[in-house]
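**Student:** Can you look at this prediction? I've put the sequence above it.
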Amino acid sequence: MDELGQRERLANLIRTRRLERGLSASKAAQAAGIDRATWSNAETGARRTAEHNYAGIERALGWQPGSIDAILAGGEPTTEPADPVILDEEIHLVRTDPQLTEEMRERIIALILERRERDKAAALEDTRRMIDLFRRG
């Protein structure tokens, strides 16, 4: 895979992982100790990410040190041992299906996470309505 392909793969993995962890891009950048524009560039692959930013990005994503180098070499990131995402059965099912390509996995996971955000917002709105009903009660 050429450098552009590696950067695109890294960008996709960064975005997917950020969404898995429920972080906004701003919160992820803050956790990484980098500015929002640098995070955006890493997540879109628009520019090459400077190596001195790797440790912060890995920390924000819950990846072990060296994960970005592993990705750029064609490997996979290593997550922290107690990562709750690993315990997520739905995402685990997608990650371990041998008939899916990496691109398919990333897209399905992104759709799952988008659905969860919609469900979470709807549940919050339902709770607000219930509170309002009980207050009027």
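**Tutor:** On my side now, so go ahead.
**Student:** what about R9, which helix or strand?
**Tutor:** helix 3-20 (DSSP states H and E).
**Student:** who does that helix touch, helix- and strand-wise?
**Tutor:** Of the remaining helices and strands, those touching helix 3-20 by 3 or more C-beta pairs under 8 Å, 6 or more residues apart in numbering; DSSP states H and E are helix 36-44, helix 54-61, helix 67-72, helix 102-136. Where C-beta positions appear, they are placed from N, C-alpha and C, glycine not excepted.
**Student:** could you dump the worst-scoring helix or strand of the chain on mean pLDDT to CSV, C-alpha only?
**Tutor:** Using mean pLDDT, DSSP states H and E, helix 89-95 stands out as the lowest-scoring helix or strand of the chain, at a mean of 82. Extracted in CSV, the C-alpha atoms of helix 89-95 (Å, rounded to 0.1, in the frame of the first residue of the first chain):
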residue,chain,number,x,y,z
GLU,A,89,-20.8,-7.7,21.5
GLU,A,90,-22.4,-5.9,18.5
ILE,A,91,-19.1,-4.3,17.4
HIS,A,92,-17.2,-7.5,18.2
LEU,A,93,-19.6,-9.4,15.9
VAL,A,94,-18.7,-7.0,13.0
ARG,A,95,-15.0,-7.0,13.7
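**Student:** So which elements touch it?
**Tutor:** Helix 89-95 packs on helix 102-136, going by 3+ C-beta pairs under 8 Å, 6+ apart.
**Student:** the inter-axis angle of the helix it packs on versus helix 3-20?
**Tutor:** 20 degrees (axes from the mean of the first three to the mean of the last three C-alpha atoms, to 10 degrees).
**Student:** which other helices and strands contact helix 102-136?
**Tutor:** Short answer (3+ C-beta pairs under 8 Å, 6+ apart): helix 102-136 packs on helix 3-20, helix 89-95.
**Student:** Just the buried residues of the shortest one, please?
**Tutor:** Put plainly, it is helix 89-95. 91, 94-95 (16 or more other C-beta atoms under 10 Å).
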